[in-house]
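J.: Sequence below, structure please.
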Amino acid sequence: MTILSKVFGLRYEQGEFTPTYVPVTTNFDTDPTYDQQDGDYVRIGNQVFVTVRIRTDNVDATGAAGQISVSGLPYAAIAAYHAAPVGFAGTFGTDPEYGTVISGESRIRLYKAGGSQLA
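T.: Purely as a prediction, here's the structure:
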């Protein structure tokens, strides 16, 4: 983590985190096996920008309930709602097109086209 305080009056910070797939309601019976699991972030003032790279070919949804999310973000959201564009998502049954970050949460809830939850 690198922190530079008071650059143009704003706090600047960059670092890494470990993202994971997590259902919103009930966890998987068996945790996914990840081939890649990288997250980078940059914080400028009160805004945090993240890049997530997750690759897995082994997700058993047994026991899981609710929407799929990417968990492990470095900060919880302080505002009511944030959009999170999905640049590339392959080999999902239905690829997520965007995500949201809800106030108080440190995860991205994934959505399909038309606004339906990715479950």
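J.: What count of nearby residues applies to Val42?
T.: When neighbours are defined as other Cβ atoms under 10 Å, Val42 has 14 of them. All C-beta atoms are positioned from the backbone trio N, CA, C, and that covers glycine.
J.: Buried ones in the one helix or strand it maps to, by neighbour count?
T.: If you go by DSSP states H and E, Val42 is part of strand 33-44. Across strand 33-44, burial judged by 16 or more other Cβ atoms under 10 Å covers 34, 37, 39, 41, 43.
J.: Out of these, which comes closest to Phe49?
T.: Tyr41 (6.6 Å; Cβ to Cβ).
J.: what ranges of this protein fall below the confidence cut-off?
T.: Along the chain, the parts satisfying pLDDT under 70 run over 1-8, 60-66, 80-81, 87-95, 113-119.
J.: All the strands of it, residue numbers only.
T.: 2-7, 10-17, 20-23, 33-44, 47-58, 68-71, 81-85, 98-102, 107-111 (DSSP state E).
J.: Now do the buried residues in the third one.
T.: Right, the one you point to is strand 20-23. 20-23.
J.: Out of the residues you listed, which is nearest to Thr56?
T.: Nearest to Thr56, judged by Cβ to Cβ, of the buried residues of strand 20-23 is Tyr21 at 7.2 Å.
J.: how about the nearest residue to the closest one, chain neighbours excluded?
T.: Excluding the flanking residues, the one nearest Tyr21 by Cβ to Cβ, 6 or more residues apart in numbering is Pro32, at 5.6 Å.
J.: Quick check: that neighbour touching Val59?
T.: Yes: under the criterion of Cβ atoms under 8 Å, Pro32 makes contact with Val59 at 4.5 Å.
J.: Common neighbours of those two, please.
T.: By Cβ atoms under 8 Å, 6 or more residues apart in numbering, Pro32 and Val59 have these common neighbours: Tyr21.
J.: which residues sit in contact with the nearest residue to Tyr34 once chain neighbours are set aside?
T.: Counting by Cβ to Cβ, 6+ apart, Tyr34 lies nearest to Thr56, which is 5.0 Å off, once chain neighbours are set aside. Contacts for Thr56 (Cβ under 8 Å, 6+ apart) come out as 21, 32-35.
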